[in-house]
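>>> Build the 3D model from these lines:
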Amino acid sequence: MDPFTCLICGEPYLGKSAPDRCPFCGAHEMHLVPSSMYVDVGAVELSEQSRKDCQEALQLELKNQSFYKCAADNAENELTRAIFKRLSKQEAEHAELLCDLMGIDEPEPPAAECADSDVENFKTAGGKEKNAANFYLQVAARAPESRVKEVFRAISDIESEHLKLSNIYGGNS
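Numbering: from 1, shown residues only. Modelled structure (predicted):
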């Protein structure tokens, strides 16, 4: 087994080859490199706009993390429970990534409400993911920092995958 590290979230993975997606943050396989090639970027000196965008994104990720945890707790079956649980963990990983980028401690996620229906929760999730993916593309386009561009493009891609999943299970495909 070889260690691979995600260039987006910095988490290591052990396997015979890199997976098609980071098992932690969901980043595409192109962001997974042999661990010997990984360099931890750490906190980035951010422009005022990028710091504001990162703070807004952090709040989105924390709210989505809580929403998905609620949806997992209320899931109607094991399949949807597993999906919501994984989405909650990915949103938590994104929140941690944003805090690392800003060089701040991670705050507690807020309380969240969700429906008792998986279909309704997937429909709600679809709206949340669409808004996040679009916002993250806007951030990537205006950010002067290359690391911010890289992170927000990758997270937008991940949120777009979440949107596809939400559409499939929410009946919007």
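>>> neighbours around D2, how many?
12 (other Cβ atoms under 10 Å). Backbone N, C-alpha and C define where each C-beta goes, glycine included.
>>> got a list of what the closest residue to it other than its chain neighbours touches?
Distance criterion Cβ to Cβ, 6 or more residues apart in numbering; nearest residue to D2, sequence neighbours excluded, is P34 at 6.5 Å. With contact taken as Cβ atoms under 8 Å, 6 or more residues apart in numbering, P34 is in contact with 2-5.
>>> Please tell me how far P34 sits from H28.
Remark: distance between P34 and H28 (Cβ to Cβ, to the nearest Å) = 16 Å.
>>> cool, S35 as well?
Distance, S35 to H28, using Cβ to Cβ: 18 Å.
>>> higher neighbour count, these two?
Applying other Cβ under 10 Å to S35 and H28 shows that H28 carries more neighbours, namely 16 against 13.
>>> What residues are bridge-paired with that one?
As for beta bridges, H28 partners with R21 under DSSP bridges.
>>> Can you turn the buried part of the contacts of P34 into a ChimeraX selection?
Provided next is the ChimeraX selection string for whichever of these are buried by 16 or more other Cβ atoms under 10 Å:
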select :4,5
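>>> The contacts of P34: which two are farthest apart?
D2 and T5 (10.7 Å; Cβ to Cβ).
>>> Identify the contacts common to the two.
34-35.
>>> quick one: pLDDT of the residue nearest to D2?
On pLDDT, P34 comes in at 95.
>>> could you measure the residue lying closest to D40 once chain neighbours are set aside against V41, distance?
Using Cβ to Cβ, 6+ apart and skipping residues adjacent in sequence, the residue nearest D40 is G10, 6.0 Å away. Using Cβ to Cβ, one obtains 8 Å as the distance from G10 to V41.
>>> The two - which one has more neighbours?
Set G10 next to V41 and count neighbours by other Cβ under 10 Å: G10 wins out with 19 against 14.
>>> give the contact list for that one.
Applying Cβ under 8 Å, 6+ apart, the residues contacting G10 are 38, 40, 97, 100.
>>> Quickly find the element holding K164.
For K164, the element it lies in under DSSP states H and E is helix 146-170.
>>> What's the mean pLDDT across that helix?
Mean per-residue pLDDT for helix 146-170: 94.
>>> Check which helices and strands that helix sits against.
Applying 3 or more Cβ pairs under 8 Å, 6 or more residues apart in numbering; DSSP states H and E, one finds that helix 146-170 makes contact with helix 48-73, helix 78-102, helix 118-142.
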